[in-house]
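*Asks:* sequence-free structure coming up:
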C-alpha cells in the first residue's frame, strides 16, 4: 500500500532541501502525511479559534497546511510542512473559515520558522515545527490560544477511547481536492501511549505519535490537513494533544491517522517559545480612574511565563458593559455617571482562569480635574458623545462654576453638570481633586 503524505508541503520542503526522496513506498507500515478531513462537518472558525491556515509557496509549488496557535506569536505545525522553507515563503491566517477568505492583505507576516532539530524527513520522526509571527495576535479579536498538555502524564494521556477532534481544509478523499470550508471530524484516541496502532507495526513509535481515528476508519485527516490540531478535552479545557502528521491512505480502518504527540515535545517547545505554564493568577489592586468620559480600570497580576497569553475581561455591574485586553488595563465607556459600580476582572488563558472584584463599589465619574483648572463645555459634551456647540449648567454650587461655557474646578469634591448640545442633553459628574 502506498505511503501518503498528509500535506503537499512535505514535497515542497524536501525539494527545497534535496535531502530525501518522496517517492511512494511499497511497505504498508511506512508512515505518510495526509490531506483534509474525510467525512468531516463544516464548521466556523469560531468553533476552533486556535486553528491557523498556512500556505507554503506559490503557484505549482503551493502547499496547504494547518497549525494551532499556542502563544500570541507562535503557531505549532508539522515539520514536514516547513523544513527547508524560508519565512518569506509562508503565509499564515487566523480567523478564517474558508480558503477563499485567505487574501494576501489579511495574511500575517512570518518572522521565523523553527523545525525540530531531530526531524527525519524519511521516517517523519519528530514531526513538529514552530512558526514565529512578526506581530502578536490580538486575542480579543476572535483568535484564541489552545492549551498545551502541561500536567498530563505522558505514560497514560490521552487514554485509548478518549474523544478527540481533528480539523482542516484538506482533501475529503485520498488524493482528492482540498475543501474551501473548514471541516471538523469527531474521532477518538485508538491506542494507549504504550500500545500498537493498527497494522503499522514497528513504524508506529508510541512515544512520539498518537494513533487517532475511528475503529471503522470512516473519519480521518487527509492531504492538506498536516500540522492541524488533534484536540482532546481535559478537565473541561480543550488541549492540543497532537498535530496531524501522517498515515497510509485516508480513512483506512487498519491504518489510522498518526499525530505528533505533544507531551513528548513540551520541553523543546518551552525552550523555543514563551508558553503559558499555569492558569492566570488572581488580579489584585483593581482601581478605576475616569479618563475623558470613560472609566479606565487598572490591575496587577503575578508575573508568570506566558502571561501575555491571558485575555482579561473587565465587566461593570450593574449594566454589564465590558472591555477586553491582553494588557493590564482597559476602558469602559457609557457608564451611568455619578452611580456606584463594581468592576470584575477575569483572566482567561489556555490553562484556566482567575478573577477578582473591586473590594467595594466605585463611584463613576465622567472625568477628573485638578482644583483651579478648567475645561470647555464642548469638551465635556464630547465625553458624553454629544457633538456641536455646547452649553453647561452647574448643579454643584461652590465645587465648580460655569462662565463663558467653561467649567472651572473651584475646590475638591464632585461637580455635577447638565450639558446641552445639538438639541440633546446629558449629565456629567466630574471629580475635582
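*Replies:* Arrived safely. Computed from a prediction, not measured in an experiment: that's the story for all the values here. Numbering: from 1, shown residues only.

*Asks:* Let's see the pLDDT reported for the residue lying closest to residue 144 once chain neighbours are set aside.
*Replies:* For residue 144, ignoring the flanking residues on the chain, the nearest one in space by CB to CB, 6 or more residues apart in numbering is residue 49 at 3.9 Å. Using the backbone N, CA and C atoms, a C-beta is placed for each residue, glycine as well. pLDDT recorded at residue 49 is 97.

*Asks:* tell me which element residue 49 falls in.
*Replies:* For residue 49, there is no enclosing helix or strand under DSSP states H and E.

*Asks:* which residues of this protein score low on pLDDT?
*Replies:* 1-36 (pLDDT under 70).

*Asks:* Contacts only, for the residue nearest the centre of it.
*Replies:* Central residue of the chain (CA atoms, centre = their mean): residue 144, 2.1 Å from the mean position. Neighbouring residues of residue 144 by CB atoms under 8 Å, 6 or more residues apart in numbering: 49-50, 69, 311, 350.

*Asks:* which of those are buried?
*Replies:* Buried by 16 or more other CB atoms under 10 Å: 49-50, 69, 311, 350, out of the contacts of residue 144.

*Asks:* With distance to residue 229 added, can I get the contacts of residue 144 in a markdown table?
*Replies:* Listed next are the contacts of residue 144 as a markdown table, based on distance: CB to CB, whole Å:
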| residue | distance to residue 229 |
| --- | --- |
| 49 | 11 |
| 50 | 7 |
| 69 | 9 |
| 311 | 19 |
| 350 | 12 |
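
*Asks:* What residues sit buried inside stretch 211-231?
*Replies:* Under 16+ other CB under 10 Å, the buried positions of stretch 211-231 are 211-214, 217, 219-231.

*Asks:* and if you look at stretch 365-385?
*Replies:* Result for stretch 365-385 [16+ other CB under 10 Å]: buried residues 365-367, 369, 375, 377-378, 380-384.

*Asks:* now stretch 92-103
*Replies:* 92-97, 99, 102.

*Asks:* Point out the ones among those that are inside helices.
*Replies:* Of the buried residues of stretch 92-103, none are assigned to helices by DSSP state H.

*Asks:* Farthest-apart pair in those, please.
*Replies:* 92 and 97 (15.4 Å; CB to CB).

*Asks:* List the contacts of the nearest residue to residue 55 once chain neighbours are set aside.
*Replies:* Once flanking residues are discounted, residue 55 sits nearest to residue 91: 4.8 Å by CB to CB, 6+ apart. Contacts here follow CB under 8 Å, 6+ apart; on that basis residue 91 touches 54-55, 102, 104, 107-108, 110.

*Asks:* From residue 121, how far out is residue 91?
*Replies:* As judged by CB to CB, to the nearest Å, residue 91 and residue 121 stand 22 Å apart.

*Asks:* same deal with residue 217?
*Replies:* 26 Å.

*Asks:* Residue 277 too?
*Replies:* 31 Å.

*Asks:* more neighbours, those two?
*Replies:* residue 121 (19 against 14; other CB atoms under 10 Å).

*Asks:* Tell me how far the more buried one lies from residue 82.
*Replies:* In terms of CB to CB, residue 121 sits 11 Å off from residue 82.

*Asks:* In contact with residue 394, which residues?
*Replies:* 400-402, 407, 415-417.

*Asks:* hey, where'd the helices end up in the stretch 251-400 of the chain?
*Replies:* 262-272, 377-383 (DSSP state H, counting those that start in this stretch).

*Asks:* so which of those gets nearest residue 295?
*Replies:* Across the helices of the stretch 251-400 of the chain, closest to residue 295 is helix 377-383 (CB to CB), at 11.5 Å.

*Asks:* what about the closest one, distance to the chain center?
*Replies:* 38 Å (CA atoms, centre = their mean, to the nearest Å).

*Asks:* contacts for it?
*Replies:* 292-293, 366-367, 387-392, 402, 405-407, 417, 419, 421, 426, 428, 430.

*Asks:* Please repeat the previous calculation with a cut-off of 10 Å.
*Replies:* For helix 377-383, the surrounding residues in contact (CB atoms under 10 Å, 6 or more residues apart in numbering) are 290-294, 333, 337, 366-367, 369, 375-376, 386-393, 402, 404-407, 415, 417, 419-422, 424-426, 428, 430.

*Asks:* quick revisit: out of the contacts of residue 394, which are buried?
*Replies:* 400, 402, 407, 415-417.

*Asks:* would TSV of those residues with secondary structure be doable?
*Replies:* Compiled in TSV, the buried ones among the contacts of residue 394 are given as follows (DSSP: H, G, I helix; E, B strand; the rest coil):
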residue	secondary structure
400	strand
402	strand
407	strand
415	strand
416	strand
417	strand
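
*Asks:* Out of those, flag the one nearest to residue 327.
*Replies:* Nearest to residue 327 among those: residue 415, at 30.6 Å, using CB to CB.

*Asks:* ok, back up a step: can you name the two of the contacts of residue 394 that are farthest apart?
*Replies:* Once CB to CB is applied, these give 401 and 416 as the farthest pair, at 12.6 Å.

*Asks:* Assign a three-state SS to residue 199, would you?
*Replies:* coil.

*Asks:* Roughly how far does it sit from residue 252?
*Replies:* Residue 199 is 9 Å from residue 252, where distance means CB to CB.

*Asks:* And residue 409, by the same measure?
*Replies:* From residue 409 over to residue 252 (counting by CB to CB), the distance is 77 Å.

*Asks:* Could you do residue 164 as well?
*Replies:* 17 Å.

*Asks:* the more surrounded of these two?
*Replies:* residue 164 (23 against 20).

*Asks:* Could you give the bridge partners of the more buried one?
*Replies:* residue 187 (DSSP bridges).

*Asks:* Skipping adjacent residues, who's closest to residue 347 in space?
*Replies:* residue 280 (3.3 Å).

*Asks:* Settle this for me: the one you found is touching residue 308, isn't it.
*Replies:* No - counting by CB atoms under 10 Å, residue 280 does not reach residue 308; the two are 11.0 Å apart.
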